[in-house]
Structure formats: C-alpha cells, structure tokens
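A.B. asks: Predicted coordinates and the sequence they were generated for:
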Amino acid sequence: MLKALLLKEFVKLRAFWIVALVFNMCMLGYVYITMNGLFRLDHAEVVWYRVIHLGQLYYSSLTYVPAVTGLFIAAVQFFPEMRNQRFRISLHLPIAPHLIVMGHVFVGFLAVAVILIIDLAGLGLMTHTRFPGEVVARALTTAAPWMLAGLSTYLGATLVLLEPTWKIRMLNFAVAAGMTGLFLRGGVPGAYGPILPILCAALLIYTPSVLLPAYRFRYRRV
Amino acid sequence: MKYAIEVNNLHHCYGKRVIYQDLNFKVPRGKVFGLLGKNGVGKTTLIKILMGFLRPTGGECRILGDNSHALSPATRCKVGLLFEGHLAYEFMSIEGVERFFATFYPKWKRELYYGLTDRLGLPKSHKIANMSEGQRSQVVLGLIMAQQPEVMILDDYTMGLDAGYRRLFLDYLADYLNQGDITVLVTSHIVQDLEKFVHEVIFLERGGQASQMELQDFLQGFRQYLLPKNGSKPPQKSDLLKNVEETSQGTMLYSFADMGKVSEHLTEQGGDNRGLCEIPMSFEDAFIGFTGRY
C-alpha cells in the first residue's frame, strides 16, 4: 500500500521534478561559465589567490537555488492537495494518517534531495577541473548549508501549506523562515563546516513537525 | 451492529451561528438515506463531521460503531466516500487511478470500475484532469463501487452533472445497491432524483433542527393547499402549518394535516378558509414546501 502511495506521488511530481532539475542544471551551467570566465579574464594564479585567500565565491549564484527548488517542489506537491481540500482523498485511505503524510513528505524530500545532491556533485566536479582538492572541499562545505536550506524550505513550505487555519499558518511561516534562515546566514566560505552535523540533526528533528498541520487538517482542533 | 451511522446529541456552530442543536438520527444498515436541506443548513458540514474531517462542538457521530474522530483503517476500508465536486487525483489516468486504489481495498472489483468507465469511450491512459465533470463523476463512482463498501457517503453527487450523466450515475448506483446490504447517506440538490431509491429522508433546517421520516410517509402525508386571495388575515406558520408561502395565485399552505384540520385551523387563526383546496405536488415541490423557498 505504501508503495502505491509513493508511486502516486512520483507520478504527480515527475514532470515538475524534471523542470526543477533543468532549472538547477541551468544554474550549474551558469556557475561553470562564471568560473571559466574568471580564468579567461585573469591569470590562473590571480584567480587561485582570489578564491583561496580572498574567499571569492564564483558559485554564489547558487545560494538561493536550493531554497527555490524546495519551495517549488512543496508547492507543486501540496497546492493541488489543498485545493478543495483534495488531501482528504488520501487521508481517507485505509492506512494510518501518519504513514500517508510521511509517505508524501518522503517522496517530496527525496525529490528535492536528489536534485541538491546532483548540484553538490556538479559543483564539486566543475571545481575539481580548475582547483585543488582543498578548494573543492571548501566549496562543498560552503554550499552544503544552502542545500540543507533547500530541504528546510521544502519542509517549511509543507508545514505552511498543510495547515488549515490562517493564524497558525502565519506562525508556521515564521518558524519555517527562521529555520531556513539558520542555513543562509553567510559568513566566510566553509564557516558552517564544524556545525553541519548539528544542522543535519536539527533538520531531521524538524521533519516530523509536518505531522502537526496534517493532523490538524485531518482531525481539526488538534 | 444495527446502525451503520449514528448521530448523537450533535452540536456544532461556526462562531455564533448554530448549525446543529442536539441533532440525533440513526441510519439502519442496508437503508438509503437522503440528507436534504437548503444551501447553508450544514449538509456538507455534517458529512465532514461524520468522516472526521471536522470536529463538532459537542456530541458524537459513529460510523459502523467507530467514533467518527477515531475511524480505524479497517472501518475506513468499509466506507466509500464521494467528496463534493467529485474530487479525484487529476494527475492520474483512468488506468493509473484504478491500480492505485486497488492496492488499498481487499474486496476490490475492477470490473465494476471498468464497467462504468468503459462507457465513457475514453482510452485507459486518458488523464482525469482532461475530463469533464460528468466523466470525472463516473470515474469517482466507479472507484467507490469497486471498493465494495458497506457504507457509501455521497456528498452532492449531482454537482456539475447534466441530466444524462446524472441518470447514468443513478442507474449504476441503483444496480449496485441491488447487490446487497449497503447503507447509503446521500445529499443532493436535485431532490427528484432521490425519490427513486431513497428509503428515508432527513431534513436539516436552519437553526439546527432536523426531521427524519420514511420517504413514503413524507410523500403521502405531506400536503399542499392553496388558499385563494380573499382579503382576509393571512395564515401564520404554526405547529400544524409547517410552511406558508405567498404566490401570485394565493397562499400556499404546507402541512401533514388533512384538509379538514387545516380548514379548522385557519378558522381558529381568525382567517377565511373559503376556496381552500389541495394541490398535488412532486417530491421537489414537497421538499420546497417543507424547507421553504428562501
């Protein structure tokens, strides 16, 4: 039964997932062009100096791309469910509501995560063509919180979209914005490195929070 | 378990507006119940409460013995639910949606589904999003019937359907109900459709009152009288006169009482009963007479 539910969500999301993937690939392409542009305009040692010692981010255009991706996937997944309260169809299925909700979230989360892993891998590979391993590691450490922001945005948008009342939806929006903001505070490249495991744990703890609006939607006045 | 649906001392309000005040009714197994009332009396609200999608202010509802706010998956498996507007997974195809739902219901009968959807003459790969409301209604009804539920709750199945699709829907439903001990609670704005297969009706009225009766008792007992305009004091609603409506022909009176009693009652109210006569009426006329026009 759960397999059918996951398949249904896959069918719903696949076309939109491809759109999101293409958007992310375009952004990666843009970063690649930007990076190569640096080497065309300056000598390699100057570019290395700027990137390694001055902390220039040739991939800063990726900062909000994961967040936009997470928002997009959550919107295309849960807007149709909330229109005319269509989510009731799923919640009437003869399986436990938490399995239904987490099944939906699992597929959406996975859809976002796969794109973001491709982004990270792409960034790592393109950096590797021009820079040493240390720069690759720092690029990945710098971009990793942006990727976590993408997952956080997906969960936050889900938290907002599933909530049936406007007042609590606004509260959830504040929580979601605050949570995503944690991953996008900037700082020097690689600054997030030491706390990445803690942020990952926070994201995992944050995940089941989507059950609350879903239960409020299902049973009201929870 | 004698009753498929039980509503006990139900109370619900939206802010200060009371929707139900101590609403009670029971739907015995194997019966078809029509839930009737004007717009805004709370038919859809009641169905939301029955299926646990809305928590009432007070009282409780039971479906197949389960509290409606704690319906077990096993009970949900026995309840076929048609949501207002024929809600469906629009991104799925005719074939895909059947395969999806089949995995959840052990008694699934795909031939019931395809018996209905094949009539649409559409390829199985046709997406629900590209269907008309009428076509979608057949898909949704097919899914509910293939589930073989013990209880069917159909919330305004007529919405958006033309006469042909309404008839197709009803014919299929009637065939399905002939198969066995199935309980149905149905709401509709096209009340004359219900006359053919409903056993009992529940009239919901503004302010939270409800009346439950056998359809035949209602059709035979509820009467319409015309009192021509005669310049006398207009009749007033009372325990005996369920409704009074002014029309161009005169005053229409609606009552469960026979003409003799109505005539006597008019005299008691100080009016003139000359020319009072009974006018035959359809179920729809009787429904409007009972609930009022506006």
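C.D. replies: Everything's here; your move.

A.B. asks: Could you check which helix or strand contains the nearest residue to A:I100 once chain neighbours are set aside?
C.D. replies: Excluding its sequence neighbours, the residue lying closest to A:I100 (C-beta to C-beta, 6 or more residues apart in numbering or on different chains) is A:S90, at 5.3 Å. No exception for glycine: its C-beta is placed from N, CA and C like everyone else's. If you go by DSSP states H and E, A:S90 is part of helix A:87-91.

A.B. asks: Let me see the mean pLDDT of whichever helix or strand comes after that helix.
C.D. replies: For helix A:87-91, the following helix or strand on the C-terminal side (DSSP H and E) is helix A:97-128. Mean pLDDT, helix A:97-128: 95.

A.B. asks: if we can go back for a sec, give me every residue that touches the residue nearest to A:I100.
C.D. replies: A:S90 makes contact with A:L5, A:E81, A:I100, A:H104, according to C-beta atoms under 8 Å, 6 or more residues apart in numbering or on different chains.

A.B. asks: and chain A, which residues reach chain B?
C.D. replies: A:1, A:3-4, A:7-8, A:11-12, A:80, A:84-86, A:88-89, A:91-96, A:218-221 (C-beta under 8 Å from any C-beta of the partner chain).

A.B. asks: Kindly recompute the last result at 6 Å.
C.D. replies: Selection of chain A residues close to chain B by C-beta under 6 Å from any C-beta of the partner chain yields A:1, A:4, A:8, A:12, A:84, A:86, A:88-89, A:92-95, A:219-221.

A.B. asks: Mind jotting down where the strands sit in the chain?
C.D. replies: Picking chain A for this. Assigned by DSSP state E, chain A shows no strands.

A.B. asks: Oops, wrong one, chain B.
C.D. replies: For chain B, applying DSSP E gives strands covering B:3-14, B:17-28, B:32-36, B:58-63, B:66-67, B:79-82, B:151-155, B:183-187, B:200-204, B:210-214, B:223-228, B:241-246, B:250-255, B:277-279.

A.B. asks: would you list those in CSV and tack on mean pLDDT and distance to A:M35?
C.D. replies: Compiled in CSV, those are given as follows (pLDDT from 0 to 100; distance: least, C-beta to C-beta, whole Å):
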stretch, mean pLDDT, distance to A:M35
strand B:3-14, 89, 59
strand B:17-28, 86, 63
strand B:32-36, 88, 66
strand B:58-63, 91, 62
strand B:66-67, 90, 62
strand B:79-82, 90, 55
strand B:151-155, 90, 58
strand B:183-187, 89, 63
strand B:200-204, 88, 68
strand B:210-214, 86, 72
strand B:223-228, 86, 84
strand B:241-246, 85, 80
strand B:250-255, 86, 82
strand B:277-279, 86, 87
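
A.B. asks: related to what we said a few turns ago, make CSV out of the contacts of A:S90 and add neighbour count.
C.D. replies: Shown next, in CSV, are the contacts of A:S90 (neighbours: other C-beta atoms under 10 Å in any protein chain shown):
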residue, neighbour count
A:L5, 22
A:E81, 20
A:I100, 20
A:H104, 25
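
A.B. asks: Can you give me the neighbour number for B:D118?
C.D. replies: When neighbours are counted by other C-beta atoms under 10 Å in any protein chain shown, B:D118 registers 14.

A.B. asks: how about it, what does it touch?
C.D. replies: Counting by C-beta atoms under 6 Å, 6 or more residues apart in numbering or on different chains, B:D118 makes contact with nothing.

A.B. asks: Next one: it from B:M145, what distance?
C.D. replies: Distance from B:D118 to B:M145, counting by C-beta to C-beta, to the nearest Å: 14 Å.

A.B. asks: and if you look at A:A96?
C.D. replies: Here A:A96 is placed at a distance of 25 Å from B:M145 (C-beta to C-beta).

A.B. asks: Now do stretch A:203-222, average pLDDT.
C.D. replies: Averaged over stretch A:203-222, pLDDT sits at 85.

A.B. asks: Pull out the buried residues from it.
C.D. replies: Neighbour-count burial for stretch A:203-222 flags A:203, A:206-207, A:209-220 (criterion: 16 or more other C-beta atoms under 10 Å in any protein chain shown).

A.B. asks: cool, and stretch A:57-67?
C.D. replies: A:L57, A:Y58, A:Y59, A:L62, A:T63, A:Y64, A:V65, A:P66, A:A67.

A.B. asks: Likewise for stretch B:11-24?
C.D. replies: For stretch B:11-24, by 16+ other C-beta under 10 Å, it's B:H12, B:I19, B:Y20, B:Q21, B:L23.

A.B. asks: Which residues does it contact?
C.D. replies: B:V7, B:N9, B:L10, B:G42, B:T45, B:P56, B:T57, B:G58, B:G59, B:G208, B:A210.

A.B. asks: How about the contacts made by the third one?
C.D. replies: Taking C-beta under 6 Å, 6+ apart as the definition of contact, the neighbours of B:L10 are B:Y20, B:L23, B:P56, B:G59.

A.B. asks: wait, what's in contact with the last one?
C.D. replies: Spelled out, that is B:G59. B:N8, B:N9, B:L10, B:H11.

A.B. asks: ok, of the residues you listed, which one's closest to B:L204?
C.D. replies: The shortest approach to B:L204 among the contacts of B:G59 belongs to B:L10, at 10.9 Å (C-beta to C-beta).

A.B. asks: With adjacent residues omitted, what lies nearest to A:H104?
C.D. replies: A:E9 (5.7 Å).

A.B. asks: for A:I117, same thing?
C.D. replies: Nearest one to A:I117, counting by C-beta to C-beta, 6+ apart, is A:M147 at 7.8 Å.

A.B. asks: B:Q148 is in contact with B:K78, correct?
C.D. replies: No: distance between B:K78 and B:Q148: 8.9 Å, which falls outside the contact criterion (C-beta atoms under 6 Å).

A.B. asks: Go ahead and flag the most central residue of chain B.
C.D. replies: B:T187 (2.4 Å; C-alpha atoms, centre = their mean).

A.B. asks: Against chain A, how distant is the residue of chain B positioned farthest from its centre?
C.D. replies: Distance from the centre of chain B peaks at B:G231, with 39.3 Å (C-alpha atoms, centre = their mean). As judged by C-beta to the nearest C-beta, to the nearest Å, B:G231 and chain A stand 52 Å apart.

A.B. asks: Next, that residue: phi, psi?
C.D. replies: B:G231 adopts backbone torsions of phi 80, psi 0, taken as degrees, to the nearest 10.

A.B. asks: Please tell me how far it sits from A:I33.
C.D. replies: From B:G231 to A:I33 the distance is 92 Å (C-beta to C-beta).

A.B. asks: Then B:T75?
C.D. replies: Distance, B:T75 to A:I33, using C-beta to C-beta: 59 Å.

A.B. asks: Have a look at these two and say which one is more surrounded.
C.D. replies: Between B:T75 and A:I33, counted using other C-beta under 10 Å, B:T75 has the larger neighbour count: 19 against 10.

A.B. asks: ok so, going back, weed out the non-buried ones from the contacts of stretch B:11-24.
C.D. replies: Taking 16+ other C-beta under 10 Å as the criterion, what is buried in the contacts of stretch B:11-24 is B:V7, B:L10, B:G42, B:T45, B:P56, B:G59, B:G208, B:A210.

A.B. asks: so who does the fourth one touch?
C.D. replies: Residues near B:T45 by C-beta under 6 Å, 6+ apart: B:I19.

A.B. asks: Quick check: closest non-adjacent residue to the residue nearest to the spatial centre of chain A.
C.D. replies: The centroid of chain A falls nearest to A:G150 when counting by C-alpha atoms, centre = their mean (1.9 Å). Of all residues not flanking A:G150 in the chain, A:P66 sits nearest, at 2.7 Å (C-beta to C-beta, 6+ apart).

A.B. asks: what's the offset of stretch A:4-23 from the middle of its chain?
C.D. replies: 15 Å (C-alpha atoms, centre = their mean, to the nearest Å).

A.B. asks: OK, contacts around residue 150?
C.D. replies: The chain I'm using is chain A. A:P66, A:A67, A:T69, A:G70, A:V112, A:L116.

A.B. asks: my question was about chain B
C.D. replies: Neighbour list for B:E150: B:K78 [criterion: C-beta under 6 Å, 6+ apart].
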